[in-house]
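[1] build me a model from this:
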Amino acid sequence: MQLPPDFLRRLTLGYLFSMSSATCTNSLGLCANCVHARPVESAKGAQFLLCQLSQSDPRFPKYPCLPVLSCSGYQKTPSA
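    The predicted structure follows:
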């Protein structure tokens with residue numbers, strides 16, 4: 001799943017990132033282009049990454065601490 005461009009810009013983890021898209025992608029680590037990462041927005045507008053593997057495998061945290069630098073479940077999103 002490709003993350004929406006505005007998600008990378010507005011990602012909130014207790015504060016708003018004000019980085020370039022490339023820098024923000026680096027701050028997400030592997031999750032930035034993983035097929036299992038899904039953006040989630042709270043009622044207050046905060047945005048997080050949900051690891052969908054967490055629904056079927058307890059080894060994976062629901063909302064991983066970013067950046068994720070190593071992950072046994074990582075699968076790169078196919079290029080469009």
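[2] and residue 63, which of the three is it?
    On the three-state scheme (DSSP: H, G, I helix; E, B strand; the rest coil), residue 63 is labelled coil.
[3] quick one: the strands in this protein?
    Remark: strands assigned in the chain by DSSP state E are 37-41, 47-51.
[4] how about the helices in this protein?
    Per DSSP state H, the chain carries helices over the ranges 5-10, 21-28.
[5] low pLDDT regions in this protein?
    Low-confidence segments of the chain (pLDDT under 70): 1-26, 80.
[6] rerun that using 90 as the cut-off
    Applying pLDDT under 90 to the chain flags the ranges 1-28, 41-42, 45-48, 79-80.
[7] could you look over the strands of the chain and pick the most buried one?
    strand 47-51 (a mean of 19; mean count of other Cβ atoms under 10 Å). All C-beta atoms are positioned from the backbone trio N, CA, C, and that covers glycine.
[8] tell me who's in contact with residue 36.
    51-53, 60, 73-75 (Cβ atoms under 8 Å, 6 or more residues apart in numbering).
[9] could you redo the last one with a cut-off of 6 Å?
    51-53 (Cβ atoms under 6 Å, 6 or more residues apart in numbering).
[10] can you redo those as JSON lines with distance to residue 32?
    Output for the contacts of residue 36, formatted as JSON lines (distance: Cβ to Cβ, whole Å):
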{"residue": "51", "distance to residue 32": "13"}
{"residue": "52", "distance to residue 32": "15"}
{"residue": "53", "distance to residue 32": "16"}
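[11] was I right about residue 41 contacting residue 47?
    Yes - Residue 41 lies in contact with residue 47 (Cβ atoms under 6 Å); the separation is 5.1 Å.
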